[in-house]
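Participant: mind folding the following:
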Amino acid sequence: MTDRPSADLDASGPGGEPVDAFVGLGANLGDRLGTIEACLHVLDDLEASEVADVSAVYETAPWGGVDGDGSERAVEQPTYLNAVVRMRTGLSPHALLDELLAIEAAFGRDRSSEERWGPRVLDLDLLLFGETVVDDPPRLVVPHPRLVERAFVLVPLMEVNPGGSLPDGTRLTRALLALGPIEGIEMHVLLDELPGTGRLVERPEGPGGGPAVRAEDWVRRRPGPTDDAGGGSGDGAGA
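Facilitator: Presented below is the predicted three-dimensional model:
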């Protein structure tokens, strides 16, 4: 079995080279789009990092909530705007996480008083960090543990990581196919450039709104690499 980079590296990758890190952005309170655009600018300004690509912004149904006994329940809250960015970073996974938490706090998020899966002024999730696997719960687990369960993450992630896979070899397309029909996701806006940078964004379009689209049909017609062969269902790790 091939050795993979582990979480105890001080640098971001073997030898300290920058790596591709994929970060999910979500907001369902206040000026959602304005928050996401401002956040992109802040992410691009992080030390030893830049935003290399950004997906379309999608309107998505809220995930839900959890009762005291751990069972899921519906939570009345506004719909989310979600996107995924690909960053080139020289930070370590834990250092990048610290930056993401600081950005959330700067935008007004208070993790100590919020409800799990409740409304968020800003939610930043470290989804993937190159081929690195991080197993440091509860602080950080990468890949994100619920990545393969969420179409609203997989759809924009595949835009900025076409043909991509998890560290265990599971193709992102295969994970999306396993979810069945794609529902509750509508494209909200395509960003022509990275806010505040003037750099153009070039990527294929994701699915538009309207009736549910079968994941298999969307993968088949999507432009760009969509190799859906590969590993079975992956048990993604993540926080």
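Participant: give me the neighbour count for the residue nearest to Ala27 when sequence neighbours are not counted.
Facilitator: Among residues not flanking Ala27 along the chain, Thr35 sits closest, at 4.6 Å (Cβ to Cβ, 6 or more residues apart in numbering). Backbone N, C-alpha and C define where each C-beta goes, glycine included. For Thr35, the number of neighbouring residues by other Cβ atoms under 10 Å comes to 21.
Participant: I'd guessed Thr35 sits against Leu124; true?
Facilitator: No - under the criterion of Cβ atoms under 8 Å, Thr35 makes no contact with Leu124, lying 10.9 Å away.
Participant: quick check: Thr170 vs Leu177, distance?
Facilitator: As for Thr170, its distance to Leu177 is 11 Å (criterion: Cβ to Cβ, to the nearest Å).
Participant: which residues are common contacts for these two?
Facilitator: Common contacts of Thr170 and Leu177 (Cβ atoms under 8 Å, 6 or more residues apart in numbering): none found.
Participant: helix or strand: which one has the residue nearest to Ala27?
Facilitator: Element membership of Thr35, judged by DSSP states H and E, is helix 32-44.
Participant: what about stretch 26-42, average pLDDT?
Facilitator: Stretch 26-42 shows a mean pLDDT of 93.
Participant: where does pLDDT dip in this protein?
Facilitator: 1-15, 63-75, 113-117, 194-198, 201-239 (pLDDT under 70).
Participant: quick one, helices of it?
Facilitator: Under the criterion DSSP state H, the chain contains helices at 32-44, 93-106, 151-160, 172-178, 215-221.
Participant: show me what counts as buried in stretch 26-40.
Facilitator: For stretch 26-40, the buried set under the neighbour-count rule, 16 or more other Cβ atoms under 10 Å, comprises Gly26, Ala27, Asn28, Leu29, Arg32, Thr35, Ile36, Glu37, Ala38, Cys39, Leu40.
Participant: export those residues to JSON lines and append columns for distance to Leu200.
Facilitator: Conversion of the buried residues of stretch 26-40 to JSON lines gives the following (distance: Cβ to Cβ, whole Å):
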{"residue": "Gly26", "distance to Leu200": "24"}
{"residue": "Ala27", "distance to Leu200": "24"}
{"residue": "Asn28", "distance to Leu200": "28"}
{"residue": "Leu29", "distance to Leu200": "30"}
{"residue": "Arg32", "distance to Leu200": "23"}
{"residue": "Thr35", "distance to Leu200": "22"}
{"residue": "Ile36", "distance to Leu200": "18"}
{"residue": "Glu37", "distance to Leu200": "15"}
{"residue": "Ala38", "distance to Leu200": "19"}
{"residue": "Cys39", "distance to Leu200": "19"}
{"residue": "Leu40", "distance to Leu200": "14"}
